[in-house]
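A.B. asks: here you go, sequence then predicted model.
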Amino acid sequence: MWGFESPLSYQLFFLKLNYNNEVELETKVNNLSDYLREIEVKLSYDEIKPIIDEAYKEERKKIAIPGFRKGKAPMNMIKKMYGDSIEYRATEKIAESKFWDAIEETKLTPVNVPKLTDIDYKGTDGMTFKAEFEVIPEVTIKDYTGLEVEKLTFPVKEEDIEKEIEKLLRSKADFVEAEVVEDKNYRITADLQRVDDEGNPLAGSEPAKDMVIDLTEGNVNPQIVEGVIGKKVGDTFTFDFEDEHKHGEETHKVTYHYIGTITKVEKIVLPETTDDFIKDLTEGKNESLEDLKNEIRNSYKTYFEQQSEELMLNSLLSKISENNEFDVPPGYVESVLKRLIEYEKENAKRYNYPAPDENQLKKDLRGKAEWNAKWQIMLEAIAKQENIEVTDDDLKVLAEKEAEQTGIPVDKLVKYYKDTNRDTGLLEDKVIEFLKNNNTIKEIDAKDKAEQSKNEKAAKKEETKENE
């Protein structure tokens, strides 16, 4: 299969590992697949005897045999009666300990929890054990440069800025009692009564009293807005509410009828946008209405640019991923999934959210975990192929910037970065910058793109009809 080194099936690596310059440990690594490894470790009796002897001593303290005080039974009797179980449990501990010693010497890095698959204890002839584990597969990434991706642009609309200004003004609005609802710029208080098809109060249905309705809110039923204009206190209006829900595969619609009685009418009076008002509204951050508009405009621009960049990167990385199919170690995916779940739990605690359901999180985050695991493998492979790395100078530059903001010494920040694997994030930044510089990014207006997609769907639909 392309994209991988070409190891022979079950290719063997033989190593002689020396412990304390006394006993040699024979280790063999089998390549079971592109990412699955089996390590076979042979231990001499001299290597394991001290550990087994210690296990007997510990177990002896717990064993009570008739005729002897607890912990005082002769060792030869203990070995005769319990030797097999004691020594087997000891060999499990030996395997766990020596596995990591062997792994360190082989320079392999398991990305999942290793699984002990076999222990063969041969008494004075020593023991052999086998364990399986996953590693990041050695892949060669192809077709990751010279691609073309679209970057949607979202122009800031003046109408959006005006809406934001209006929201701010409404937060400081006065409500002045009035005789008649003249237009939408009013707020009414009303009692709402559910009625039957003939307009009679529904049996057993109590009216909802003193419901405050701001006619300027976009989610207000249009029938209410139309029905109350020109009305005054004591007048009534009618409106319908349609509820749509599913029963299995079927969709059910139910219409509810209401009569409202107006009990209060208030005109919404917005404050004048004087410079003094704007200063007070923004706590001195803006000197005038134009300043406030510019701030809102810049906020929209920053947000849209971030969204545009994120969508473009997702598109680019997805294309590279589609060009490079390989098996991602399932245990690695599980490890990433576990970290994502822990992150969500920590966030819930930090912001006092209800504790999330772990089973639901597993379902919701599995796709993200699969993508993150594959991207991490591609990231490291591209970095290796392009000789991209994070140097101490890179960490120092970052530390100098943050030292100015935090007052923490540069050397302490650099040490902190190394201890917390900050270099991993910097490597990703460098690889992404490389990909952006070596692929063609075509900007296109989001509105034009939506219109283009609409026309393409219409054309495809028409073509389907003609073929039928």
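C.D. replies: Received the coordinates, thanks. Everything numeric in this text was worked out from a predicted model, so none of it was measured. Numbers count the residues shown, from 1 in each chain.
A.B. asks: helices of the protein, residue ranges please.
C.D. replies: 45-60, 75-106, 158-170, 222-228, 275-281, 289-322, 330-350, 358-385, 392-406, 410-419, 422-437, 446-467 (DSSP state H).
A.B. asks: average model confidence for the longest one?
C.D. replies: In other words, helix 289-322. What helix 289-322 shows for mean pLDDT is 96.
A.B. asks: show me what counts as buried in it.
C.D. replies: Residues 289, 292-293, 296-297, 300, 304, 308, 311-313, 316-317, 319-321 are the ones in helix 289-322 that count as buried (16 or more other Cβ atoms under 10 Å). The C-beta positions use only the backbone N, C-alpha and C, and glycine is treated the same way.
A.B. asks: and the angle for it with helix 446-467?
C.D. replies: Counting by axes from the mean of the first three to the mean of the last three Cα atoms, to 10 degrees, helix 289-322 lies at 50 degrees to helix 446-467.
A.B. asks: show me what helix 289-322 is packed against.
C.D. replies: If contacts are counted by 3 or more Cβ pairs under 8 Å, 6 or more residues apart in numbering; DSSP states H and E, helix 289-322 sits against strand 148-153, helix 158-170, helix 275-281, helix 358-385, helix 422-437.
A.B. asks: compute the inter-axis angle for it and helix 358-385.
C.D. replies: Calculated by the same axes, to 10 degrees, helix 289-322 forms an angle of 80 degrees with helix 358-385.
A.B. asks: again with the last one
C.D. replies: Our comparison of helix 446-467 with helix 358-385, counting by the same axes, to 10 degrees, yields an angle of 100 degrees.
A.B. asks: next, the buried residues of helix 446-467.
C.D. replies: For helix 446-467, burial by neighbour count (16+ other Cβ under 10 Å) applies to Ala446.
A.B. asks: helices and strands around it, which ones?
C.D. replies: Packing partners of helix 446-467 (3+ Cβ pairs under 8 Å, 6+ apart): strand 148-153.
A.B. asks: circling back to that earlier point, closest one to Val113 out of the buried residues of helix 289-322, please.
C.D. replies: Using Cβ to Cβ, Ser321 is the member of these that lies nearest Val113, at 26.4 Å.
A.B. asks: residues contacting the closest one?
C.D. replies: 371, 374-375, 378 (Cβ atoms under 8 Å, 6 or more residues apart in numbering).
A.B. asks: any low-confidence regions in this protein?
C.D. replies: For the chain, applying pLDDT under 70 flags the ranges 1-25, 246-248, 468.
A.B. asks: domain ranges for it, per the record?
C.D. replies: Listed domain ranges for the chain are 12-134, 174-269, 289-462 (source: automatic domain parsing).
A.B. asks: before we move on, back to that, how about the contacts of Ser321 in a markdown table, adding distance to Thr189 and neighbour count?
C.D. replies: Formatted as a markdown table, the contacts of Ser321 follow (distance: Cβ to Cβ, whole Å; neighbours: other Cβ atoms under 10 Å):
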| residue | distance to Thr189 | neighbour count |
| --- | --- | --- |
| Trp371 | 51 | 17 |
| Lys374 | 57 | 21 |
| Trp375 | 55 | 18 |
| Met378 | 60 | 20 |
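A.B. asks: closest to Leu395 out of the buried residues of helix 289-322?
C.D. replies: Distance to Leu395 across the buried residues of helix 289-322 (Cβ to Cβ) is lowest for Leu313, with 23.9 Å.
A.B. asks: quick one: contacts for the closest one?
C.D. replies: Taking Cβ under 8 Å, 6+ apart as the test, what Leu313 contacts is 432, 436.
A.B. asks: do Phe154 as well
C.D. replies: If you count contacts by Cβ under 8 Å, 6+ apart, then Phe154 has 304, 307-308, 446 around it.
A.B. asks: and it, how far is that from Glu456?
C.D. replies: As judged by Cβ to Cβ, to the nearest Å, Phe154 and Glu456 stand 21 Å apart.
A.B. asks: next one: Glu162
C.D. replies: Distance from Glu162 to Glu456, by Cβ to Cβ: 33 Å.
A.B. asks: same thing with Lys163?
C.D. replies: Separation of Lys163 from Glu456 (Cβ to Cβ): 31 Å.
A.B. asks: please apply the same query to Asp445.
C.D. replies: Per Cβ to Cβ, Asp445 is found 16 Å from Glu456.
A.B. asks: if we can go back for a sec, of the contacts of Ser321, closest to Glu38?
C.D. replies: For those, the closest approach to Glu38 (Cβ to Cβ) belongs to Lys374, at 23.8 Å.
A.B. asks: OK, contacts around the residue nearest to that closest one when sequence neighbours are not counted?
C.D. replies: If the residues on either side of it in the chain are set aside, Lys374 comes closest to Val328, at 5.0 Å by Cβ to Cβ, 6 or more residues apart in numbering. The contact partners of Val328, taken as Cβ under 8 Å, 6+ apart, are 35, 370, 373-374, 377.
A.B. asks: export those residues to a markdown table and tack on distance to Glu404?
C.D. replies: As requested, the contacts of Val328 are exported to a markdown table (distance: Cβ to Cβ, whole Å):
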| residue | distance to Glu404 |
| --- | --- |
| Tyr35 | 44 |
| Glu370 | 40 |
| Ala373 | 36 |
| Lys374 | 37 |
| Ile377 | 36 |
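A.B. asks: among the helices and strands packed on helix 289-322, which is nearest Thr464?
C.D. replies: strand 148-153 (25.4 Å).
A.B. asks: give the buried residues for that closest one.
C.D. replies: Residues of strand 148-153 classed as buried by neighbour count (16+ other Cβ under 10 Å): 149-152.
A.B. asks: outside of it itself, list whatever touches it.
C.D. replies: By Cβ under 8 Å, 6+ apart, the residues outside strand 148-153 that reach it are 304, 308-309, 311-312, 315-316, 319, 439-446, 449.
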